[in-house]
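> Prediction below, plus the sequence it came from.
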There are 2 protein chains.
Amino acid sequence: MTGRVMTRKGSANVSLHRRILNDIQRKILSGEWEPGRRIPVEHELVQQYGCSRMTVSKVLTQLAQAGIIERRRKAGSFVSRLHSQSAVLSIPDIKAEVSALGQPYSFQLLQRVRRRSTREDRALLATQDSIPVLEIQCQHLAGAQPFCFEYRLINVHAVPEAVEQDFSQLAPGAWLLRQVPWIHADHRIRSAGATPEAARILKIMPRTPCLIVERLTRAAKGTVTFVRLTYPGTMHELVASFTPLGAGSPSPPSV
Amino acid sequence: MTGRVMTRKGSANVSLHRRILNDIQRKILSGEWEPGRRIPVEHELVQQYGCSRMTVSKVLTQLAQAGIIERRRKAGSFVSRLHSQSAVLSIPDIKAEVSALGQPYSFQLLQRVRRRSTREDRALLATQDSIPVLEIQCQHLAGAQPFCFEYRLINVHAVPEAVEQDFSQLAPGAWLLRQVPWIHADHRIRSAGATPEAARILKIMPRTPCLIVERLTRAAKGTVTFVRLTYPGTMHELVASFTPLGAGSPSPPSV
DNA sequence: CAGTGGTCTAGACCACTTC
DNA sequence: AAGTGGTCTAGACCACTGA
């Protein structure tokens, strides 16, 4: 039972475990196996596909990690009842985003202040300690058009090298991305009217609807940075997609 | 070399492949292994951990699927250069969302029309065919407070059972979720001022900033439904998070 | 207590890609 | 041509847990 032939019609150049995964996923997504249904135990799939247990185990483990099935010892594996209510949100680099629109990207530093954290800073950074921070305001432009207003706080304790950067050429986001391997990032997305300050910079009327993305980035050493991005009006859209395993993207969370 | 002892200090009840994964992930996320760096080949990790090749292979495969490393035959495995610019967006059921706020959820059907698709419908549904559609407008409430205005188109060809549903009790989203195992969903998120209609229903001033989530759902048989959710003002936030493998969420996106 | 999944081994052959 | 990853096998022991 070594070296299967791999040339049977339809098995077109795809690995066995991939074929099993597609089979099962199709049955689930088509509704043939409804939510809550018990799916064959490993032993049965082994017989059905004439393969070893490792192979089907790999498939079922992957489906379970993707939330498509649930596995319980002794009980068996079941089609998940909760549809995977999640999608992968792509958060492109702003420069890449502007370039993708076919516009020339530029960046302008508006303010750079080094100071001790205020109470408000600490709330945004989700930390209790009084720490030195770098407050940065800048704007990103698509051609001559303001594209995004950025307000950022950097925890100087976490990134001491930041104080030597003037951020006149390189945007702080891009610099941090190279500098700090971040571990965890929380995003909050909401809609709000432009503040007077943001309106002035983005050259829009105050209270114009804006898409606001706030991101708190943590690394091993604690909170690294907080950033608030204000995108004017309806100019901007975030895109997220949900796709089952391996249809389009190589993997839900990647790239 | 069977049954390792598993009681060495620090190996606290965690599987070997999990421990290897944590080790490598920590080295990468801490910056000790910088982007682009070649990581030990499987053979070396096998020696280092005194385990079989399957075990390290499993770990590296998982890291590769998560986009943390890249693998190339003959060349080796490398720390990924592109930081995973993605996050998992949780898209809760509206009912669950309201309940999470501690408010009583209710739902009200405002309109239900069956007709042939207009040109505009087809644009929203991303289809060329002239198809019968169901147009539904409804609102979701938190207590007495309007929470969300929903505009929906359902492709009757894809879900013929929909015509028999009056959606007076069950929200169309919840019904579809049970009915149709969806395969692919694209989301677009933007900010815009409330339309006069949405403002009237949500009891807010026209042009008040709203968070708008549009979702196009496709299944095996083609586009199933388009939905536009309008959340009033700053009442609502979407939350997304990026976490490396296995820290908090059940599955980062998968894997 | 027996069925099921979770993990691991010590091999093996193959495909691909760079050297 | 040789190194590397990709896949697969035929076992094994164990942990958990529901019947």
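Perfect, I can see it now.

> what helices or strands is the lowest-mean-pLDDT helix or strand in chain A leaning on?
Ranked by mean pLDDT, DSSP states H and E, the weakest helix or strand in chain A is strand A:86-90, scoring a mean of 77. Packing partners of strand A:86-90 (3 or more C-beta pairs under 8 Å, 6 or more residues apart in numbering or on different chains; DSSP states H and E): strand A:238-242, strand B:86-90. For the C-beta atoms, the positions are set from N, CA and C on the backbone; glycine is no exception.

> at 10 Å what do you get?
strand A:238-242, strand B:86-90, strand B:184-193, strand B:238-242 (3 or more C-beta pairs under 10 Å, 6 or more residues apart in numbering or on different chains; DSSP states H and E).

> CA atoms only for the second one, dumped as CSV, please.
Output of strand B:86-90 as CSV, limited to C-alpha atoms (Å, rounded to 0.1, in the frame of the first residue of the first chain):
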residue,chain,number,x,y,z
SER,B,86,-4.7,41.1,7.9
ALA,B,87,-7.0,40.7,10.8
VAL,B,88,-9.9,38.6,11.6
LEU,B,89,-13.1,40.6,11.5
SER,B,90,-15.8,39.1,13.7
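
> Show me which residues of that strand are buried.
Neighbour counts using 16 or more other C-beta atoms under 10 Å in any protein chain shown place B:86, B:87, B:88, B:89 of strand B:86-90 among the buried residues.

> and the nearest residue to residue A:213 once chain neighbours are set aside, what pLDDT?
Closest residue in space to residue A:213, ignoring its immediate chain neighbours: residue A:229 at 4.6 Å, by C-beta to C-beta, 6 or more residues apart in numbering or on different chains. Per-residue confidence (pLDDT) for residue A:229: 95.

> Provide the secondary structure category for residue A:229.
strand (DSSP: H, G, I helix; E, B strand; the rest coil).

> Now for it: which residues touch it?
Going by C-beta atoms under 10 Å, 6 or more residues apart in numbering or on different chains, residue A:229 touches A:91, A:94, A:140, A:147-152, A:173, A:189, A:210-215, A:236.

> at 7 Å instead, please
By C-beta atoms under 7 Å, 6 or more residues apart in numbering or on different chains, the residues touching residue A:229 are A:148, A:150, A:213.

> Who does the first one form a beta bridge with?
Which is residue A:148. As for beta bridges, residue A:148 partners with residue A:140 under DSSP bridges.

> again with the last one
For residue A:213, the beta-bridge partners under DSSP bridges are residue A:189, residue A:229.

> thinking again about what came up before, could you dump the helices and strands packed on strand A:86-90 to JSON lines with distance to DNA strand D?
Formatted as JSON lines, the helices and strands packed on strand A:86-90 follow (distance: least, C-beta to the nearest atom of the strand, whole Å):
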{"stretch": "strand A:238-242", "distance to DNA strand D": "23"}
{"stretch": "strand B:86-90", "distance to DNA strand D": "21"}
{"stretch": "strand B:184-193", "distance to DNA strand D": "23"}
{"stretch": "strand B:238-242", "distance to DNA strand D": "24"}
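
> nearest to DNA strand C, of those?
strand B:86-90 (21.4 Å; C-beta to the nearest atom of the strand).

> for chain A, what spans make up the strands?
Counting by DSSP state E, chain A has strands at residues A:38-39, A:69-72, A:76-79, A:86-90, A:105-116, A:132-142, A:145-155, A:184-193, A:209-219, A:222-232, A:238-242.

> lowest-confidence stretch among those strands?
Among the strands of chain A, strand A:86-90 carries the lowest mean pLDDT (a mean of 77).

> got the contact list for residue A:107?
Applying C-beta under 7 Å, 6+ apart to residue A:107 gives the contacts A:138, A:140, A:171.

> scratch that, residue A:110 is what I was asking about
Contact analysis of residue A:110 by C-beta under 7 Å, 6+ apart lists A:137, A:138, A:139, A:201.

> repeat that with 6 Å
A:137, A:138 (C-beta atoms under 6 Å, 6 or more residues apart in numbering or on different chains).

> cool, residue A:90 as well?
A:239, B:86.

> run the last query once more with 8 Å
A:238, A:239, A:240, A:241, B:85, B:86 (C-beta atoms under 8 Å, 6 or more residues apart in numbering or on different chains).

> now for those, which pair is the farthest apart?
A:241 and B:85 (14.1 Å; C-beta to C-beta).

> ok so, going back, tilt between the least confident helix or strand of chain A and strand A:238-242?
Counting by axes from the mean of the first three to the mean of the last three C-alpha atoms, to 10 degrees, strand A:86-90 lies at 140 degrees to strand A:238-242.

> Smallest distance to DNA strand C belongs to which residue of the stretch 1-150 of chain A?
residue A:74 (3.1 Å).

> if I look at that residue, how far off is residue A:46?
18 Å (C-beta to C-beta, to the nearest Å).

> When the two are compared, which one has more neighbours?
residue A:46 (17 against 4; other C-beta atoms under 10 Å in any protein chain shown).

> What pairs with the least confident helix or strand of chain A, parallel or antiparallel?
Using DSSP bridges, the strands paired with strand A:86-90 are strand A:238-242 (antiparallel), strand B:86-90 (antiparallel).

> so which of the contacts of residue A:107 comes closest to residue B:30?
Taking C-beta to C-beta as the measure, residue B:30 sits nearest to residue A:171 out of the contacts of residue A:107, at 24.0 Å.

> Is residue A:155 bridged to anything, and to what?
For residue A:155, the beta-bridge partners are residue A:133 (DSSP bridges).

> Could you double-check that it lies in contact with residue A:218?
No - with contact taken as C-beta atoms under 8 Å, residue A:155 and residue A:218 are classed as non-touching, separated by 9.7 Å.

> Give me the more crowded residue out of those two.
For residue A:155 versus residue A:218, neighbours defined as other C-beta under 10 Å are more numerous around residue A:155 (26 against 20).

> The more buried one and residue A:228, how far apart?
Counting by C-beta to C-beta, the gap from residue A:155 to residue A:228 is 15 Å.

> And for residue A:181?
Distance from residue A:181 to residue A:228, by C-beta to C-beta: 22 Å.

> same deal with residue A:47?
Distance from residue A:47 to residue A:228, by C-beta to C-beta: 57 Å.

> pretty sure residue A:105 contacts residue A:141?
Yes - between residue A:105 and residue A:141 there is a contact under C-beta under 8 Å: 7.2 Å.

> okay, and the common contacts of the two?
Joint contacts of residue A:105 and residue A:141 (C-beta under 8 Å, 6+ apart) are residue A:98.

> Among these two, which residue is more densely surrounded?
The neighbour comparison of residue A:105 against residue A:141 (other C-beta under 10 Å) goes to residue A:105, with 19 against 16.

> The more buried one: what's it in contact with?
A:94, A:95, A:98, A:99, A:140, A:141, A:142.

> and the residues you listed, which two are the farthest apart?
Taking C-beta to C-beta, no two of the contacts of residue A:105 sit farther apart than A:99 and A:141, at 12.2 Å.

> Alright, I will stop here.
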